[in-house]
Each structure stands twice: as C-alpha cells, then as structure tokens.
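**Student:** Sequence and computational prediction follow.
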Amino acid sequence: MIDMKKKRKFRWSSLIILIALLVFIYSSFKIINWFIDNHKNNKIMNDITDQITINEEVSENVIQNEEEIKEDDPYWYFIKMNLMDVDLTNLISINNDTVGWLKVLGTNINYPFVQASDNNYYLTHDFYKHHNNAGWVFLDYRNNKELNNQNNIIYAHGRANETMFGSLKNVLANDWLNNQNNFVIEVSTKDKNSLWQVFSVYKVPNTNDYIETKFNNEDDFNNFINKLINRSIYDFKTTVNKNDHILTLSTCYNDNIKVVLHAKLIKTS
C-alpha cells in the first residue's frame, strides 16, 4: 500500500516537472523569437536610414481658419515650424505599400509607415514583408494615402524595448507633457508634407469607438471630437472643430488597455 502511494506521488511529481519543463521551453522559445524579431527590425531601420534623405521644407499653406483660433492656443507657435520632407522614392521601390514617414517628437517614433488591404498583415510582417511578430507601422486600410479622411489612423505594436509604438506611452508622462515642443506630429508622404497639432492623449480599455473613419454628418463628427477631447489626461488648449482632419495613433499599453494620441492637421505643402 505504501509502495502504491509512493508510485502515485512519483507520477504526479514527474508530471509537474514535465509541465514546468515544457512551459520553460515554450517561454524560452518566445523570448528568443522576441529578440530575433527586434534584431531584424533594427537592421531594417538601419538599411532604411541609408536609403532616404530627410530635409526641411518651408511652407505657408496653413489649413486652419485662424479667426477661429484662441490666443492661448499653441497653434500660433507650431504654425511657424518648417515641414519634414522625406524622399520616399527608394522605399516605395522596395515596398510599394509605403505611404509615408511619421515622426513623433519626444518618442522613438521615427519610421516609414505602410498600408495593406487589411489591418492584420503588418501585425506580423515587417517592412520587407517578411514574417515578423514585431510587425510594422501601418495606416488603417480604410484610410486613403492622402490622409484626407476626417480621422486617419496609424497603428503599431507597443514593443517593450520601445521600438515601433513602444514609446508612444511617453505621451502620458509629465516629462513629455511639460514640454510644449512635443505637441506636434510630422508626416511626409509621396505628394505632401504636413504638421499635426496634438489635442488629446489617453489610456482607454480596449474599444473601437475612437477608430471611426467616416461620419454620417457634422453633428456626429463634432460629438466624436468632443469625446476625444474629454478623454484627454491633459488640456492642450487646442481648438478643434468639424472642419478639421484628425490623425490618430494607437497601440497596446497591455492586453486590456490602449494608448491613444490624436492630433489635427494645421499645415501642409
């Protein structure tokens, strides 16, 4: 009887050890792949940097009706900035999904972005279209490449090493919020360069209510804008109305929460 108990105890101990070993192997495999994917994307960015030229462009093409802007709106400061001008010719020849280049001040976000026929492909593929769980930065498939929809949405994974949109969480920190120079997004596409003024940043439980791209009427769009402003953890003193075009950046903060930034178009070439 004692021997049978010992045998059962030995079997359970062996099973537990086997399960722990399998979990360890699986976790190690995931960690190794995570580092490999990061290494691949870092190499891609080094290659891309050698393929492009970034210049500044002077433009007076102001989008906003300035009579609507309040005196304390940082708009008056940002509108004097030059535009970022990136020659995308080589990148488009490498990947014809290339749409433009995105730079978010005060973060590590300084990448070309792409667009597929759905919002799944670039979650698991890199700029070279190779399988990579680090993914890439991509425009919502419902938006047009001219970024002239009412809400233009760009996504990427929130990588723990702060690549892709891993540093978007910086916009929630006091260091970022206390520096007004951060409150502008620079975008360069094949046909147009643009500046976007930040008006809302926040964390939100998983929801799709901020990634609408089309609205039935002006009232719906106004209600949408007010929802985004009311969610913000910071008052950017930015005037936003029904005539504006919005840029939305979205990533995962964790499995249940998103980090989101919204900016409005203020200047273009």
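**Tutor:** Ah, there it is.
**Student:** For the rest of this, base every contact and every neighbour count on C-alpha atoms.
**Tutor:** Fine.
**Student:** Tell me where this protein has helices.
**Tutor:** In the chain, the helices defined using DSSP state H lie at 2-51, 75-78, 89-94, 174-177, 218-231.
**Student:** now the strands for the stretch 151-269 of the chain?
**Tutor:** In the stretch 151-269 of the chain, the segments counted as strands under DSSP state E, counting those that start in this stretch are 151-155, 184-189, 193-205, 246-252, 257-268.
**Student:** okay if I get the ones you listed as CSV plus distance to residue 128 and mean neighbour count?
**Tutor:** Shown next, in CSV, are the strands of the stretch 151-269 of the chain (distance: least, Cα to Cα, whole Å; neighbours: other Cα atoms under 10 Å):
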stretch, distance to residue 128, mean neighbour count
strand 151-155, 17, 24
strand 184-189, 19, 23
strand 193-205, 24, 22
strand 246-252, 21, 22
strand 257-268, 26, 22
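**Student:** List just the one of those strands that sits closest to residue 219.
**Tutor:** Relative to residue 219, the nearest member of those by Cα to Cα is strand 151-155, separated by 14.8 Å.
**Student:** average pLDDT across the closest one?
**Tutor:** Predicted confidence along strand 151-155 averages 98 (mean pLDDT).
**Student:** and that strand, which strands flank it?
**Tutor:** Applying DSSP bridges, strand 151-155 is found paired with strand 138-139 (antiparallel), strand 246-252 (parallel).
**Student:** so what's residue 204 up against?
**Tutor:** Residues in contact with residue 204 (Cα atoms under 8 Å, 6 or more residues apart in numbering) are 257, 258, 259, 260.
**Student:** Quick check: buried residues in stretch 206-223?
**Tutor:** 210, 221, 222 (16 or more other Cα atoms under 10 Å).
**Student:** In JSON lines, list the strands paired with strand 151-155 along with mean pLDDT and distance to residue 107.
**Tutor:** Converted to JSON lines, those look like this (pLDDT from 0 to 100; distance: least, Cα to Cα, whole Å):
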{"stretch": "strand 138-139", "mean pLDDT": "98", "distance to residue 107": "17"}
{"stretch": "strand 246-252", "mean pLDDT": "97", "distance to residue 107": "13"}
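**Student:** quick one: residue 147 and residue 195, what's the gap?
**Tutor:** Counting by Cα to Cα, to the nearest Å, the gap between residue 147 and residue 195 amounts to 12 Å.
**Student:** Could you do residue 108 as well?
**Tutor:** Residue 108 sits 18 Å away from residue 195, taking Cα to Cα as the criterion.
**Student:** repeat for residue 261
**Tutor:** Look at residue 261 and residue 195: by Cα to Cα, they are 14 Å apart.
**Student:** Flag the shaky bits of the stretch 1-150 of the chain, pLDDT-wise.
**Tutor:** Counting by pLDDT under 70, the stretch 1-150 of the chain contains low-confidence ranges at 1-15, 18, 20-21, 24-36, 38-39, 64.
**Student:** and the residue lying closest to residue 58 once chain neighbours are set aside, how many neighbours?
**Tutor:** Ranked by Cα to Cα, 6 or more residues apart in numbering and with sequence neighbours excluded, the top spatial neighbour of residue 58 is residue 82, at 5.0 Å. For residue 82, the count of nearby residues is 20 (other Cα atoms under 10 Å).
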